[in-house]
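J.: let's see this in three dimensions:
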Amino acid sequence: MKKQVFTIILALGVGFLLALAYQQWQGHSEIAAGSSTYICPMHPQIISNKPSTCPICAMDLVPAKDHDKPSEHGDIPAHAVRVESAITQNMGVKYQVVDSAELSGELKFAGELQIIPENRVEINVRVAGWLEKVSVAAVGKRVYQGQVLAWLYSPELEQAQGDYLQAKAWGDAALAGNLQQRLRNLGMSEASLQQLDSSGQVLRLVPLAAPVSGVVLSAAAVPGQAVAAGHALYTLANLAQLWVVGQVYPQDLRKVSKNASLLVYLPHHGNEAIAASVQYVAPWADEVTKTTEVRAVLANRDYALQPGMWADLRLNYGVGRGVAVDKQAVLRTGTRAVVIKALGAGYFAPTDVQLGVDLGDSLQITQGLAVGDSIVTSAQFVLDSESHLKTAISAFQGGQHAQEHH
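T.: Below you'll find the model as predicted:
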């Protein structure tokens, strides 16, 4: 508990000091070049260009010696503050040396698994008759290619079979070939035609088989039902492959390209990463949402993935060579972005930066930092002392409550 209170006091103190520095940096109390400088004997980081009192200990400021002053050659700016190394060590302050590198970002967007339209199959009756038997009537049932779904009795189909067998018996190959094609057109499968040829007997009941393996999406087959030509009995879908379809906002569209690598996470299916690549980027935006459809194909041989599942999509894209810093190193003050430079010898100073692309855990910096600069990346100094105070008090009270409950 004592250690927590001590850390909070340190944070408040350093936050207050940098708040003063930030005010000076904004022009409220800059130290004029060449004027007398006063510092606090107990807190040398407190600097003023006129006699005053220390805001920390209330002691009178005294004239600074030359070696206590910031560099007059511009190495240490007037708005910088000095923090003792013991304080930064106790706060666990960490630093980053700015470097140039090839930058890549990660775009995150939501998606949904969908059935590929080309993998849907409609099974219609091609000739009038009656369904004498139905073996598959349940939606959602998995079926396999060649599996019999129902048996059809059709006088027309029965007559066509007889005509075919008669033509074969006459030895009229051309006529038999035409009649065999007619049987195919009426819906007889190759397996049924082979059975007809081998037995030489008309099939009273003709099996209606699944042309592909898949799942039954709809079923309208009832035993004893009279059906007309064109009657829809089943809709099947082969789910061995699925689309994952995402929607990308206009400002992110330039980050997406065909064949780009994509990681798909399914929160309700173990959330493991599934590798894919972008196969399609729509050439138009949705009229209402203004988003653009992006899709990829996922393998689903074991049918473990289900259409309708939500997905989290992550796409890596190249930004080019540049400078990036850890996200927590950047302070946002209204419309401005600021980092704290570590100037050496215990001096710190806030610096304006221009932000580029959000790279996930880091931010591209397009202006304000140079290669070799050292910045603070942890135990962040909050320049708004009021909000810093509120945060610290909240953390302190939370710690107190936790102690009381133990």
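J.: what residues does the helix or strand where residue 160 lies touch?
T.: Here residue 160 is covered by helix 155-170, with elements defined by DSSP states H and E. Applying CB atoms under 8 Å, 6 or more residues apart in numbering, the external contacts of helix 155-170 come out as 127-129, 175-176, 179-180, 182-183, 186-188, 196, 200, 202-204, 206. (C-beta placed from N, C-alpha, C; glycine too.)
J.: what of stretch 269-286?
T.: Outside stretch 269-286, the residues within contact range by CB under 8 Å, 6+ apart are 244, 247, 250, 253, 256-266, 291-298, 304-305, 309, 315.
J.: which residue, other than its chain neighbours, is closest to residue 47?
T.: Excluding the flanking residues, the one nearest residue 47 by CB to CB, 6 or more residues apart in numbering is residue 39, at 5.5 Å.
J.: quickly list what the one you found is bridged to.
T.: According to DSSP bridges, residue 47, residue 62 are recorded as the beta-bridge partners of residue 39.
J.: pretty sure it is touching residue 61, no?
T.: Yes - with contacts defined as CB atoms under 8 Å, residue 39 counts as touching residue 61 at a distance of 6.0 Å.
J.: so what sits against both of those two?
T.: Residues touching both residue 39 and residue 61 (CB under 8 Å, 6+ apart) are 46, 48.
J.: follow-up on the earlier one: please, a ChimeraX command that selects the buried ones among the contacts of helix 155-170?
T.: Only the buried members of the contacts of helix 155-170 end up in this ChimeraX selection, burial being decided by 16 or more other CB atoms under 10 Å:
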select :127,128,129,176,179,180,183,186,187,188,196,203,206
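J.: which residues of the stretch 251-400 of the chain fall in helices?
T.: Shown for the stretch 251-400 of the chain, the helices assigned by DSSP state H, counting those that start in this stretch span residues 385-404.
J.: what do you get for the stretch 1-150 of the chain?
T.: 2-25, 85-90.
J.: and those, which one is worst for confidence?
T.: Averaged per stretch, pLDDT over the helices of the stretch 1-150 of the chain is lowest on helix 2-25, reaching a mean of 48.
J.: domain assignment for the protein?
T.: 35-63, 81-102+321-392, 109-116+239-320, 123-237 (the TED database).
J.: neighbouring strands of the host helix or strand of residue 246 in the sheet, and parallel or not?
T.: Here residue 246, judged by DSSP H and E, is contained in strand 241-248. Counting by DSSP bridges, the strands paired with strand 241-248 are strand 100-115 (antiparallel), strand 292-299 (antiparallel).
J.: could you find the closest non-adjacent residue to residue 60?
T.: Computed as CB to CB, 6+ apart, the closest residue to residue 60 that is not its neighbour in sequence is residue 53, at 5.9 Å.
J.: quick check: pLDDT value at the one you found.
T.: Reading off the per-residue confidence, residue 53 sits at a pLDDT of 87.
J.: for it, give me its contacts.
T.: By CB under 8 Å, 6+ apart, the contact set of residue 53 is 59, 60, 61.
J.: ok, and the closest non-adjacent residue to the residue nearest the centre of the chain?
T.: If you average the C-alpha coordinates of the chain and look for the closest C-alpha using CA atoms, centre = their mean, you land on residue 108, 2.6 Å from that point. In space, not counting the residues next to it along the chain, residue 108 is nearest to residue 314; the distance is 5.4 Å by CB to CB, 6+ apart.
J.: that neighbour against residue 256, yeah?
T.: No - between residue 314 and residue 256 no contact is recorded; they are 11.9 Å apart, counting by CB under 8 Å.
J.: overlap of the contact sets of these two?
T.: Taking CB under 8 Å, 6+ apart as the criterion, residue 314 and residue 256 both touch residue 107.
J.: in the stretch 151-300 of the chain, which spans are strands?
T.: 205-209, 214-219, 226-227, 232-237, 241-248, 261-265, 273-277, 280-281, 292-299 (DSSP state E, counting those that start in this stretch).
J.: how about a markdown table for those, with distance to residue 344 added?
T.: Conversion of these to a markdown table gives the following (distance: least, CB to CB, whole Å):
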| stretch | distance to residue 344 |
| --- | --- |
| strand 205-209 | 81 |
| strand 214-219 | 67 |
| strand 226-227 | 88 |
| strand 232-237 | 66 |
| strand 241-248 | 44 |
| strand 261-265 | 41 |
| strand 273-277 | 43 |
| strand 280-281 | 49 |
| strand 292-299 | 48 |
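J.: can you tell which of the strands paired with strand 241-248 is closest to residue 82?
T.: strand 100-115 (29.4 Å; CB to CB).
J.: give the buried residues for that closest one.
T.: Using 16+ other CB under 10 Å as the test for burial, strand 100-115 gives 103, 105, 107, 109, 111, 112, 113, 115.
J.: now do the contacts for the residue nearest to the centre of the chain.
T.: Neighbour list for residue 108: 312, 313, 314 [criterion: CB under 8 Å, 6+ apart].
J.: relative orientation of the strand holding residue 246 and strand 261-265 in degrees?
T.: Note on geometry: by axes from the mean of the first three to the mean of the last three CA atoms, to 10 degrees, strand 241-248 and strand 261-265 are set 100 degrees apart in direction.
J.: relative to strand 273-277, how tilted is strand 241-248?
T.: Computed with the same axes, to 10 degrees, the direction of strand 241-248 lies at 80 degrees from that of strand 273-277.
J.: hey, C-alpha coordinates of strand 241-248 in PDB?
T.: Taking only C-alpha atoms (Å, rounded to 0.1, in the frame of the first residue of the first chain), the coordinates of strand 241-248 have been written out as PDB:
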ATOM      1  CA  GLN A 241     -15.600 -23.900 -49.100                       C
ATOM      2  CA  LEU A 242     -17.200 -20.700 -47.700                       C
ATOM      3  CA  TRP A 243     -16.800 -17.000 -48.400                       C
ATOM      4  CA  VAL A 244     -15.700 -14.700 -45.600                       C
ATOM      5  CA  VAL A 245     -17.200 -11.300 -46.500                       C
ATOM      6  CA  GLY A 246     -16.000  -8.100 -44.900                       C
ATOM      7  CA  GLN A 247     -17.000  -4.500 -45.200                       C
ATOM      8  CA  VAL A 248     -14.200  -1.900 -45.500                       C
END
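J.: in it, what counts as buried?
T.: For strand 241-248, the buried set under the neighbour-count rule, 16+ other CB under 10 Å, comprises 242, 243, 244, 245, 246, 247, 248.
J.: much appreciated, bye for now.
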